[in-house]
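Novice: The following comprises the amino acid sequence and a computationally predicted model.
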Protein chains: 2
Amino acid sequence: MLKVPDHQVAGHQAGDGKLGPLIDDSGHFYKPLQNDGRGSHELAFYTSFSTDKRIPDDIRKFFPVFYGTRHLEASDGSGLYPHLALEDTVSSRINPSVLDAKIGSRTWYPQAAEDYIIKCLKKDRETTSLELGFRVSGLRVYGNKETGFWKPDKKCVLNFSIEDTRLALRKFVSSNPSTDSDIKPDCSFASTVYGGPAGILAQLLELKSWFEKQTIFHFYSCSVLMVYEKESILQGRNSGAEIKLVDFAHVIEGKGVIDHNFLGGLCSLIKLISDIVTSPSA
Amino acid sequence: MLKVPDHQVAGHQAGDGKLGPLIDDSGHFYKPLQNDGRGSHELAFYTSFSTDKRIPDDIRKFFPVFYGTRHLEASDGSGLYPHLALEDTVSSRINPSVLDAKIGSRTWYPQAAEDYIIKCLKKDRETTSLELGFRVSGLRVYGNKETGFWKPDKKCVLNFSIEDTRLALRKFVSSNPSTDSDIKPDCSFASTVYGGPAGILAQLLELKSWFEKQTIFHFYSCSVLMVYEKESILQGRNSGAEIKLVDFAHVIEGKGVIDHNFLGGLCSLIKLISDIVTSPSA
């Protein structure tokens, strides 16, 4: 019943005897509680968030539904292990294209331990986080039955420059993502996936207007996951374009101040995507 | 003709044989070119900005007009020294109340020298910059003919907590700014100075919408100056509420990316001010 999801583009991955998330046929995604406090921290966030009356319903849809914790046979064969039971918004889809963008120019919070801050700051400076306000942590784009998915490897993604990031956001909505660098990505799905009243850009703008006023949580090292189904578009149906926030191991209380770090990065992502919608053939 | 301005609330100040800005009766503000490259950097910004066709007119009004450079007798008595000749938006007013907010949770830019980064990061962490996205660098609020100005000293302002900052933004628009901490600031001028179609909030929102799209410049360690005239309000005239961006010694090219660092901090300032407009008696 339980299996390793094949859609994951970032984070710890199960398989080869390693501890990682699992899925089942009921549409649940089971994320093992990370040790060193991160797991309990993420659990605390989901518990608090899922009962917080201050979160508007139209914002709640951008977060995975939380079903509590489950003790499951861990993917590394180490026996029963606690997992967060979450809504699986990706695996239930047909050949989903997925992009994971870690938001914020700073992935560390002011009260963190000094060695953690130094580690994060180094990574923020080595990736696009510092300059761009976010970094792509992973992506996979569906081509067709023959080619399958285009999925650049983790190391390559971590080395993305600002230009590479811009290109990845174009390839994500192109019918020719995997072609060599001489051929321009065609952005054929830009207007359907990014654009339109139900597109990713509209959803990001909805999220942005909440971040302009919410002072409940600060989301450090949290990602926006963007998902859509190419075949669905080709069959003339809805693209299924959707955004979800994921990874809450470093969420802290907002204490009356907006999350300017997340908001700034989100606005930067919005600008890049809106440039693609405006000029898909640029 | 040339004299030391008395309205300055932050930055290097002339007087006691020190090098600092000067004003004259023509409405000009003369800022000595700082050495160690900062002066030439600021001059380069003003030169480039003042001729850049991409800056909309309704945004240009938020920047001081630049009149070129002048060699003037320096305030420290060291002889002729190059100064930036700028529009003086403050000294020409009657008893202006002024608040200087240095915008951005990060005051250093990615390409800066390592020792400069360490120095700035330390200061950003010690002040409210990191947590709040901006820090108050100085303020003075006019009371009346007897009390004159309430002007907390530099050291005290640098030690502002988030709560102190919130309070300072309330005192800035209160008729009882200097009273002891037991008495709440009355925020009597909140609706006139911060609110309304020509108020500071409306101007900040105009600036924000430009920062959501402009990718020409990144403004590090730059301040938003807020000014108004209390007596003007009491006489039933316009408050003269105005914002100006100042201090451009650390502006770098945007290279197609928005200034998410400035934008995030600006949104945080906007949230605090809009809270005061909504609940002046909170």
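Specialist: Thanks, I have it.

Novice: Extract the residue ranges of chain A that are flagged as low pLDDT.
Specialist: Per-residue confidence for chain A (pLDDT under 70) gives these ranges: A:14-15, A:179-181.

Novice: Near chain B, which residues of it are found?
Specialist: Applying the criterion C-beta under 8 Å from any C-beta of the partner chain, the portion of chain A that neighbours chain B consists of A:105-106, A:110, A:125, A:130-133, A:162, A:166, A:212-213, A:215, A:255-258, A:260-261, A:263-265, A:267-268, A:270-271. Placement of C-beta: from N, CA and C, glycine included.

Novice: what's around the closest residue to chain B within the stretch 101-250 of chain A, how many residues?
Specialist: With C-beta to the nearest C-beta as the measure, residue A:133 is the residue of the stretch 101-250 of chain A nearest to chain B, at 3.6 Å. Using other C-beta atoms under 10 Å in any protein chain shown, residue A:133 has 30 other residues around it.

Novice: which residues touch it?
Specialist: Taking C-beta atoms under 8 Å, 6 or more residues apart in numbering or on different chains as the criterion, residue A:133 is in contact with A:103-105, A:264-269, B:257-258, B:260-261.

Novice: Now, those that are in strands?
Specialist: Secondary structure of the contacts of residue A:133 is defined by DSSP state E; positions in strands are residue A:103.

Novice: Quickly find the element holding the residue positioned nearest the centre of chain A.
Specialist: For chain A, the residue lying nearest the average C-alpha position, counting by C-alpha atoms, centre = their mean, turns out to be residue A:225 (2.6 Å). Taking DSSP states H and E as the criterion, the element that holds residue A:225 is strand A:223-229.

Novice: Run through who's touching that strand.
Specialist: In contact with strand A:223-229 (C-beta under 8 Å, 6+ apart) are residues A:10, A:89-90, A:93-103, A:137, A:142, A:172-173, A:189, A:193, A:200, A:204, A:207, A:239-247, A:266, A:269.

Novice: Could you list the alpha-carbon positions for the helix or strand following that strand in PDB?
Specialist: Next helix or strand after strand A:223-229 toward the C-terminus (DSSP H and E): helix A:230-234. Listed in PDB are the C-alpha atoms of helix A:230-234, where the atom choice follows Å, rounded to 0.1, in the frame of the first residue of the first chain:
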ATOM      1  CA  LYS A 230       0.400  19.100 -19.400                       C
ATOM      2  CA  GLU A 231      -1.700  16.300 -20.800                       C
ATOM      3  CA  SER A 232      -4.800  17.900 -19.300                       C
ATOM      4  CA  ILE A 233      -4.100  21.100 -21.300                       C
ATOM      5  CA  LEU A 234      -3.500  19.100 -24.500                       C
END
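
Novice: How about stretch A:173-182, which residues are buried there?
Specialist: Of the residues in stretch A:173-182, those buried under the neighbour-count criterion (16 or more other C-beta atoms under 10 Å in any protein chain shown) are A:173, A:174, A:175, A:176, A:177, A:179.

Novice: before we move on, what about stretch A:82-89?
Specialist: Counting neighbours by 16+ other C-beta under 10 Å, one finds that the buried residues in stretch A:82-89 are A:82, A:83, A:84, A:85, A:86, A:88, A:89.
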